[in-house]
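Visitor: what's the 3D shape of this:
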Amino acid sequence: MPKKVYTGEVINNTMDKTVTVAVSRLYQHPLYKKIIRKTVKLKVHDENNQSKVGDMVEIRESRPLSKTKRWVLINPARKEHEGDTG
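Guide: A predicted model of the protein is given here:
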């Protein structure tokens with residue numbers, strides 16, 4: 001079975017080698033048919049501490065790396081930051 005791959009936004013990077021990523025998805029309520037946005041926060045392993053808050057990243061499911069960490073950063077697709085020179 002293939003591993004899940006999600007895209008989300010980094011919302012916290014204060015931990016060493018770990019970032020928190022918010023992954024949002026849209027779904028339709030089965031009875032009321034309203035479109036609802038659901039967001040889940042996941043702990044992601046970032047080996048080189050390369051992600052910053054606000055970056056859009058791709059993450060992949062992995063084996064348990066700690067008590068709460070089960071995802072690995074695979075594509076740090078960085079968003080443009082104001083005042084970032086490099």
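Visitor: Which residues lie in contact with the residue lying closest to N13 once chain neighbours are set aside in this structure?
Guide: Leaving aside its chain neighbours, N13 sits nearest to V19 (4.7 Å; criterion: Cβ to Cβ, 6 or more residues apart in numbering). Yep, even glycine has a C-beta here, placed from its N, CA and C like the rest. Residues counted as contacts of V19 (Cβ atoms under 8 Å, 6 or more residues apart in numbering) are 10, 12-13, 43-44, 46, 51, 57, 73.
Visitor: would JSON lines of those with secondary structure and neighbour count be doable?
Guide: Below are these laid out as JSON lines (DSSP: H, G, I helix; E, B strand; the rest coil; neighbours: other Cβ atoms under 10 Å):
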{"residue": "V10", "secondary structure": "strand", "neighbour count": "23"}
{"residue": "N12", "secondary structure": "strand", "neighbour count": "13"}
{"residue": "N13", "secondary structure": "coil", "neighbour count": "19"}
{"residue": "K43", "secondary structure": "strand", "neighbour count": "19"}
{"residue": "V44", "secondary structure": "strand", "neighbour count": "27"}
{"residue": "D46", "secondary structure": "coil", "neighbour count": "22"}
{"residue": "S51", "secondary structure": "coil", "neighbour count": "19"}
{"residue": "V57", "secondary structure": "strand", "neighbour count": "23"}
{"residue": "L73", "secondary structure": "strand", "neighbour count": "22"}
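Visitor: now for those residues, which pair is the farthest apart?
Guide: N12 and L73 (13.7 Å; Cβ to Cβ).
Visitor: Flag the shaky bits of this protein, pLDDT-wise.
Guide: Applying pLDDT under 70 to the chain flags the ranges 78-86.
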